[in-house]
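In: Can you look at this prediction? I've put the sequence above it.
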Amino acid sequence: KKIIKVTKVKKNVNVLAQKLRTLYDTIRDHKDPKGRQLSLIFLKLPSKAEYPDYYEVIKRPIDLEKISQKLKSNQYESLDDMVSDFVLMFDNACKYNEPDSQIYKDALMLQRVALQTKLQLRED
Ligand SMILES: CN(C)Cc1ccn2c1[nH]c(=O)c1c(Cl)cccc12
C-alpha cells in the first residue's frame, strides 16, 4: 500500500514585518530628481549640547535611528503605528526649523512619501 506524504509548506512570513520594512526603506532610500537622499539629516537628532533649545521646543524628539531600533525590536503593531512616528518626526522638523529651510522642505516631501507608501501597502 503506497503512502503519499503530503507536506503543507506554510510560508508563515510575517506580512506586517515586510510592510514595515518596505515603508522604512522607501523613506530612508528616497532620492529627489537630482539624486539627493533626503533622509540623511533625519538619521540622528542634533545633540543637546549643540541645540539645547531644540529639546525645549520639541516635546517628543525622534529620529530615524529610533524608528529603526523600534522596527528591529518589533515594537510596531501596525503600519499606522510606524507612520505616526514618521509624521511626529516630520512635524517636529517643521516646528523647529524655518519654512524656507531645506530640512523643512525635505520633511514635507518625505511625509508625502510616507503617506503615499502607506496607501500602496494597504492595497497589497
Ligand atoms: C538646525 N538643526 C537643529 C536642524 C536639524 C539637524 C538635524 N535635525 C534637525 N532638525 C530636526 O528637526 C531633526 C529631526 Cl526632526 C530628526 C533628526 C534630525 C533633525
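Out: In hand now; what should we look at?
In: Tally up the residues packed near residue 89, please.
Out: 25 (other CB atoms under 10 Å). In short, each C-beta sits where N, CA and C put it, glycine included.
In: and it, what helix or strand is that in?
Out: helix 79-96 (DSSP states H and E).
In: Residue 79 is in contact with residue 122, correct?
Out: Yes. Assessed by CB atoms under 8 Å, residue 122 is found in contact with residue 79 at 6.9 Å.
In: which one of these two has more residues nearby?
Out: Just comparing residue 122 and residue 79: by other CB under 10 Å the higher neighbour count belongs to residue 79, 18 against 10.
In: So which bits of the chain are right by the ligand?
Out: Within the chain, the residues that sit near the ligand (CB under 6 Å from any ligand atom) are 41-42, 45-46, 51, 54, 63, 89, 92-93, 96-97, 103.
In: Repeat the analysis, applying 5 Å as the threshold.
Out: The chain has residues 42, 45-46, 51, 63, 89, 92-93, 96 near the ligand, with proximity defined as CB under 5 Å from any ligand atom.
In: Now for residue 46: which residues touch it?
Out: Applying CB atoms under 8 Å, 6 or more residues apart in numbering to residue 46 gives the contacts residue 54.
In: any idea how far it is from residue 18?
Out: 32 Å (CB to CB, to the nearest Å).
In: Residue 81 now?
Out: Taking CB to CB, one finds residue 81 at 15 Å from residue 18.
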